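J.: below are the sequence and a predicted model; questions follow.
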Amino acid sequence: MLRAGLEALRYRTAESAVGSLLRSERVMQDMRMALDYPERFVEHLAVRRWVDLEVDMEFRGFVADGVLTAISQYNHLAHFPRLAGLRDTLLDAITLFFHCHVKDQLSAEYSRCVVDFAVVLKGDSVERVWVIEVNPFLETTDGCLFDWTRDREVLEGSARPEGGGDGGGSVDLRLTSAPRAGAIAMLHPAWREACGL
C-alpha cells in the first residue's frame, strides 16, 4: 500500500500537479501556518523530475542549531526487516551527506529544521542520498519515532546518545524494530476487506 501511495504522488502533466496542490489539505495547512508565523515561514515550491524511491528508504532528520541531532524512519508505522542490517550504513551515509551537502546550505533562519532524506541503495551500499524537503522545527511537523514532548532534549541536541560523531555525540537513529501490535486494526475497513484480512 505504501508503494501504491507513493506512485499516486507521481504526476505526468503540469495540470495534474497544480490541481493536486490546489486540492491539498496539507498545502492549505502550510499556507495557514505561513500566515500565522510569517517571521519563521518562507514558502518555496521545488519541481523536479520524478525519482523512483523505495518506501523504506525515506528518513526524517532533525536539525537544531545547525547540528543533525536525530533521524527517524519516515514510514514509522511499518516494519521493514532489512533496515536493522543497514542501520550503521544508513546512519553514516545520511550524516555524511548532511555534513558535506546540506549543513552549509542551511542559512541561519533554517538552523532549526526537519529535513526529509531519501536513500538510494545499490545492493547493500548507499548509491545516493537526496533531500526531499525541509520542514519547520515545530510540533506540527510529525516527529515520526520521536515524541516532541518526551524527546525534546534529544531533538534539540541537549541529550545525545553516547559515542563519537556529530559534535561529540552520535546522532540518534530510530527504526521500527518489529511489526506493531494491532497494525491491521489501523487499516481502513475497506482495505482490510480488499486484502482479505
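T.: Perfect, thanks for sending it. Residues are numbered from 1 along each chain as shown.

J.: drop to CA atoms for contacts and neighbour counts, all remaining ones
T.: Will do.

J.: helices of this structure, start to end?
T.: In the chain, the helices defined using DSSP state H lie at 2-8, 14-23, 25-36, 82-97, 152-156, 189-195.

J.: in the chain, which residue is closest to the centre?
T.: Centrality entry for the chain: nearest residue to the mean C-alpha point is residue 60, 2.8 Å, by Cα atoms, centre = their mean.

J.: can you add distance to residue 176 and give the helices of the chain back as TSV?
T.: What follows is those, written out as TSV (distance: least, Cα to Cα, whole Å):
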stretch	distance to residue 176
helix 2-8	15
helix 14-23	31
helix 25-36	25
helix 82-97	9
helix 152-156	18
helix 189-195	22
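
J.: out of these, nearest to residue 122?
T.: Among the helices of the chain, the nearest to residue 122 by Cα to Cα is helix 82-97 (12.1 Å).

J.: helices and strands around that closest one, which ones?
T.: Judged by 3 or more Cα pairs under 8 Å, 6 or more residues apart in numbering; DSSP states H and E, helix 82-97 is in contact with strand 113-122, strand 125-136.

J.: which of those sits most buried?
T.: When the helices and strands packed on helix 82-97 are scored by mean count of other Cα atoms under 10 Å, the highest mean neighbour count falls to strand 113-122 (a mean of 19).

J.: where does pLDDT dip in the protein?
T.: 1, 160-169, 183, 186 (pLDDT under 70).

J.: for the closest residue to the residue nearest to the centre of the chain other than its chain neighbours, which residues make a bridge with it?
T.: Spatially, and ignoring its direct neighbours in sequence, residue 60 is nearest to residue 116 (4.5 Å; Cα to Cα, 6 or more residues apart in numbering). Legend: beta-bridge partners of residue 116 under DSSP bridges are residue 60, residue 133.

J.: test my guess that residue 116 contacts residue 57.
T.: No - between residue 116 and residue 57 no contact is recorded; they are 10.6 Å apart, counting by Cα atoms under 8 Å.

J.: measure the residue nearest to the centre of the chain to residue 23 for me?
T.: 25 Å (Cα to Cα, to the nearest Å).

J.: could you do residue 70 as well?
T.: 32 Å.

J.: same question for residue 45.
T.: Applying Cα to Cα to residue 45 and residue 23 gives a distance of 16 Å.
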